[in-house]
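> heads up, no residue letters with this:
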DNA sequence: AAAAACATTTGCCATATGGCAAAAAACAAC
DNA sequence: GTTGTTTTTTGCCATATGGCAAATGTTTTT
């Protein structure tokens, strides 16, 4: 749980009692490769934190193709915000790409913490805002760059992810086909 | 100012006194076409709300090409969050695409309101979160679709923008060249 | 170790988009 | 209206990426 505490404290300060309270609500959970943390069509009712492993957010387009929207790796929060906050059905899947170890908070506990710990809401908002801003700034360049550039930037931005995910996921994240990505990799070496 | 009040009240409720206090800090401002609301290299110190007109967020890539990251039209907040919240230099320009009428809050006033009005912070966070989520969900499909599909989705998502912005801006938003976009439009009619 | 299942690479050709420059159209200034 | 300026369209050809199927490589199962 040290990782979670360190992560939280990067965004604000809490005393030991407050930290203990948060940790008392934290459940450890393992999610095996290819299992879902949350699913399209269901309302997301948990907030997760990845201790070990890689997850991805994906959905299916109208041609039935699977599109990877985002990768999330160690020491990051995982939550389908729109679904969680508004209690609406999610449109995406959050799937373990590798076996994952997580810390999970139920929505009930999460909201209780928000109402109990003074300053916790500010910290949470900072965390969420940063995550959203990062997401935008990581996805944006994907639109205007060519495929090779996109792949190279991906390697810079997610150095810990690149060798742990199947080519096909990566390709769908970059918006190209698996074969093209394979050719691009050949040309880079 | 009605528009601003209506917009705010969609995200939470405030009494008349609180609304008046917010409005007392609001300055009206006009920004002429092609002028900046905020600039790369400067720290953003204002929050804006567009009453009339279209703005865009853009930056320059390493080839000197101008890339449009986002369009913002009437009844939306405009703020470079990362710069505003962390007092760091912005990396993008916010530019008026048409003549714009705005309501502007200085950072000082904005923070004073946050500290004074109970519940205002919650409303602001809701607004900002929604804006960020929208941004992600609008940009994401741009990666995996072909150019024609992207243009068609743009028309659906920004019906009020499409006829008010130069083709070149739109093309750079969609990640294609102006000539390609011109050809795509021809084929659609 | 062999078989099966899965992931990646490659070949061949089709197609979409880019680059560049010229033409046409739209808009603005005088 | 004429002239000049900016924006959009078009032509020509180059190039990047896609689609599909076969080949190769890798991992898992038995």
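Arrived safely, thanks for sending. From a predicted model like this one, the values you see are computed outputs, not experimental measurements.

> and the gap between residue A:182 and DNA strand D?
9 Å (C-beta to the nearest atom of the strand, to the nearest Å). Any C-beta I mention is one placed from the backbone N, CA and C, and that applies to glycine too.

> how many neighbours does the spatially closest residue to that residue that is not a sequence neighbour have?
Residue nearest to residue A:182 in three dimensions, not counting chain neighbours: residue A:167, with 6.6 Å by C-beta to C-beta, 6 or more residues apart in numbering or on different chains. Using other C-beta atoms under 10 Å in any protein chain shown, residue A:167 has 12 neighbouring residues.

> correct me if wrong: residue A:167 contacts residue A:181.
Yes. Applying C-beta atoms under 8 Å as the test, residue A:167 and residue A:181 come out as touching, 6.0 Å apart.

> identify the contacts common to these two.
Shared contacts of residue A:167 and residue A:181 (C-beta atoms under 8 Å, 6 or more residues apart in numbering or on different chains): none.

> ok, residues contacting the strand or helix carrying residue A:137?
Assigned by DSSP states H and E, residue A:137 belongs to helix A:120-139. The contact list for helix A:120-139 (C-beta under 8 Å, 6+ apart) reads A:8, A:11-12, A:14, A:18, A:22, A:69-70, A:76-77, A:81, A:113-114, A:157, B:81-82, B:85, B:125, B:128-129, B:132-133, B:135-136, B:139-140, B:143.

> next: stretch A:140-151.
Outside stretch A:140-151, the residues that touch it by C-beta under 8 Å, 6+ apart are A:153, A:174-176, A:180-181, A:184-185, A:187-188, B:61, B:65, B:67, B:69, B:139, B:142-143, B:172-175.

> before we move on, back to that, for the residue nearest to residue A:182, give its distance to DNA strand D.
Distance, residue A:167 to DNA strand D, using C-beta to the nearest atom of the strand: 11 Å.

> cool, residue A:83 as well?
Note on residue A:83: its distance to DNA strand D, by C-beta to the nearest atom of the strand, is 29 Å.

> swap in residue A:90?
27 Å.

> what are the phi and psi angles of the residue most central in space within chain A?
By C-alpha atoms, centre = their mean, chain A has its centre lying nearest to residue A:72, at 3.6 Å. Main-chain dihedrals, residue A:72, degrees, to the nearest 10: phi -130, psi 130.

> can you report phi and psi for the residue lying closest to residue A:97 once chain neighbours are set aside?
Leaving aside its chain neighbours, residue A:97 sits nearest to residue A:54 (4.5 Å; criterion: C-beta to C-beta, 6+ apart). Dihedral pair for residue A:54: phi -130, psi 130, per degrees, to the nearest 10.

> likewise for the one 5 residues further on?
Backbone torsions for residue A:59, taken as degrees, to the nearest 10, come to phi -150, psi 180.

> that one against residue A:41, yeah?
No. Counting by C-beta under 8 Å, residue A:59 stays clear of residue A:41, with 11.0 Å between them.

> of the two, which one has the most company?
Between residue A:59 and residue A:41, counting by other C-beta under 10 Å, residue A:59 is the more crowded of the two (17 against 8).

> could you count how many residues lie near the closest residue in space to residue A:91 that isn't next to it in sequence?
Distance criterion C-beta to C-beta, 6+ apart; nearest residue to residue A:91, sequence neighbours excluded, is residue A:40 at 5.4 Å. The burial count assigned to residue A:40 is 16, neighbours taken as other C-beta under 10 Å.

> next one: phi and psi at residue A:40?
phi -60, psi 140.

> please list the residues of chain A that sit near DNA strand C.
For chain A, the residues in contact with DNA strand C (C-beta under 7 Å from any atom of the strand) are A:166, A:167, A:168, A:178, A:179, A:181, A:182, A:183, A:185, A:186.

> from the residues you listed, pick the one nearest residue B:46.
Distance to residue B:46 across the residues of chain A next to DNA strand C (C-beta to C-beta) is lowest for residue A:181, with 42.5 Å.

> from what I can see that closest one touches residue A:169, true?
No. If you go by C-beta under 8 Å, residue A:181 and residue A:169 don't touch, sitting 10.3 Å apart.

> separation between residue A:97 and DNA strand D?
From residue A:97 across to DNA strand D, the span is 13 Å (C-beta to the nearest atom of the strand).

> give me the neighbour count for that residue.
Neighbours of residue A:97 using other C-beta under 10 Å come to 21.

> same check, this time on residue A:144
By other C-beta under 10 Å, 20 other residues sit near residue A:144.

> give the contact list for residue A:23.
A:1, A:4, A:5.

> let's see 6 Å
residue A:1 (C-beta atoms under 6 Å, 6 or more residues apart in numbering or on different chains).

> next, it: phi, psi?
Dihedral angles (degrees, to the nearest 10) for residue A:23: phi -70, psi -30.

> which non-adjacent residue is nearest residue A:116?
Counting by C-beta to C-beta, 6+ apart, residue A:21 is the residue found nearest to residue A:116 once chain neighbours are left out, at 6.9 Å.

> so where does that neighbour fall, helix or strand?
In this assignment (DSSP H and E), residue A:21 forms part of helix A:16-24.

> tell me the helix or strand right after that helix.
Once the chain leaves helix A:16-24, the following helix or strand, as judged by DSSP H and E, is strand A:27-31.

> partner strands of whatever helix or strand comes next after that following strand and their direction?
Using DSSP H and E, the helix or strand that follows strand A:27-31 in sequence is strand A:36-38. According to DSSP bridges, strand A:36-38 forms sheet pairs with strand A:93-96 (antiparallel).
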